[in-house]
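*Asks:* below: sequence and its predicted model.
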Amino acid sequence: MILELDCGNSFIKWRVLQAQAGTLVREGVVDSDKALVDALRSPGISLSKCRLVSVRTDDETSELTALLRREFGISVVCAAPALEMSGVKNGYEDYERLGLDRWLAMLGGFHLAGGACVVLDFGTAVTSDFISLDGEHLGGFICPGMPLMRNQLRTHTRKIRYGDQAAEQALLSKAPGRNTVEAVERGCSLMLRGFVLTQLELARSYWGESFTVFITGGDAELVSDVAPGARVVSDLVFVGLAMACPLS
């Protein structure tokens, strides 16, 4: 079985595939290396190989790969920056500075679209990237996601204090908030929705209506209805990871 890991700033998203068929065996999200190891010790999981993408520090990534080798005796392949891959040309002035999760999502999006596309990722941070019909990465944008906006308000505004359950309840409606938690959560949600609209406007200025929109990330459901024709692909980074790190 093949273990795939997307190691983000806050969480590790993992999934296990059957090596030959490529079918999904199990998947999950954890908040620590230890929690990952505990999850992978579940009955029915027998790992042979691993590929991963990490936006963590080199030391943190090295610690994780060493842990996986020690605990499961598997080889680990890490995605690396590239100037060009699978028909996509990295558009950063210094291509190694482009986040690997963004790079892999672009590879996956361009592969699935077969043409011009916009990749919108709603995680701890929100990112957008524009890839032209010929695979040229035109650049992108980065802004705070829901967790960052929420935490900044909680940290710097003394009277804003509420839990995650209250936040979830507040997002069940888009009406103006009648208490602090509703006002904050719905206000931040509107900012994300406005971000989507500006990305669509820019994409239309490039390509008219001839482009595909991909929405991915943990908060994708908060904005998916803003772009009715968008493709919501939760595992878009994993699509690119398989392309960047093929395992025979």
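*Replies:* Here it is on my side, so go on.
*Asks:* shaky segments in the chain?
*Replies:* 154-164, 248 (pLDDT under 70).
*Asks:* tell me the domain ranges of it?
*Replies:* 2-78, 84-145+186-243 (automatic domain parsing).
*Asks:* adding distance to Asn179 and mean neighbour count, write these out as a markdown table.
*Replies:* Every residue, glycine included, has its C-beta placed from N, CA and C. As requested, the domains of the chain are exported to a markdown table (distance: least, CB to CB, whole Å; neighbours: other CB atoms under 10 Å):
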| stretch | distance to Asn179 | mean neighbour count |
| --- | --- | --- |
| domain 2-78 | 27 | 16 |
| domain 84-145+186-243 | 11 | 19 |
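*Asks:* nearest to Leu153, of the ones you listed?
*Replies:* domain 84-145+186-243 (8.0 Å; CB to CB).
*Asks:* want to throw the domains of the chain into JSON lines with distance to Asn151?
*Replies:* JSON lines is the format used below for the domains of the chain (distance: least, CB to CB, whole Å):
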{"stretch": "domain 2-78", "distance to Asn151": "11"}
{"stretch": "domain 84-145+186-243", "distance to Asn151": "9"}
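*Asks:* measure the spatially most central residue of the chain to Gly8 for me?
*Replies:* Residue closest to the average C-alpha location in the chain (CA atoms, centre = their mean): Gly217, at 4.4 Å. To Gly8, Gly217 is 9 Å away according to CB to CB, to the nearest Å.
*Asks:* do Glu63 as well
*Replies:* For Glu63, the distance to Gly8 - CB to CB - is 16 Å.
*Asks:* how far away from the center of its chain is the one helix or strand Gly109 maps to?
*Replies:* Using DSSP states H and E, Gly109 falls within helix 100-113. Mean C-alpha position of helix 100-113 versus that of the full chain (CA atoms, centre = their mean, to the nearest Å) differs by 10 Å.
*Asks:* quick one: closest of the domains of the chain to Ala175.
*Replies:* domain 84-145+186-243 (7.5 Å).
*Asks:* off-centre distance for that closest one?
*Replies:* The answer for domain 84-145+186-243 is 10 Å, by CA atoms, centre = their mean.
*Asks:* just the endpoints, please. Distance across it?
*Replies:* For domain 84-145+186-243, the first and last residues are 12 Å from each other (CA to CA, to the nearest Å).
*Asks:* one more: stretch 51-59?
*Replies:* 17 Å.
*Asks:* just the residues contacting it, thanks.
*Replies:* For stretch 51-59, the external contacting residues (CB atoms under 8 Å, 6 or more residues apart in numbering) are 2-9, 60-61, 64-65, 76-79, 99-101, 104, 237, 241-242, 244-245, 247.
*Asks:* which of these fall within helices?
*Replies:* Glu60, Thr61, Leu64, Thr65, Leu100, Asp101, Leu104, Val237, Leu241, Ala242, Ala244 (DSSP state H).
*Asks:* what's the closest of these to Thr23?
*Replies:* Looking across those and measuring by CB to CB, the closest to Thr23 is Ala242, at 13.2 Å.
*Asks:* where do the strands sit along this protein?
*Replies:* Assignment of strands within the chain using DSSP state E yields the ranges 2-7, 12-17, 24-30, 49-54, 75-78, 84-85, 88-89, 117-122, 125-131, 137-144, 212-216, 231-232.
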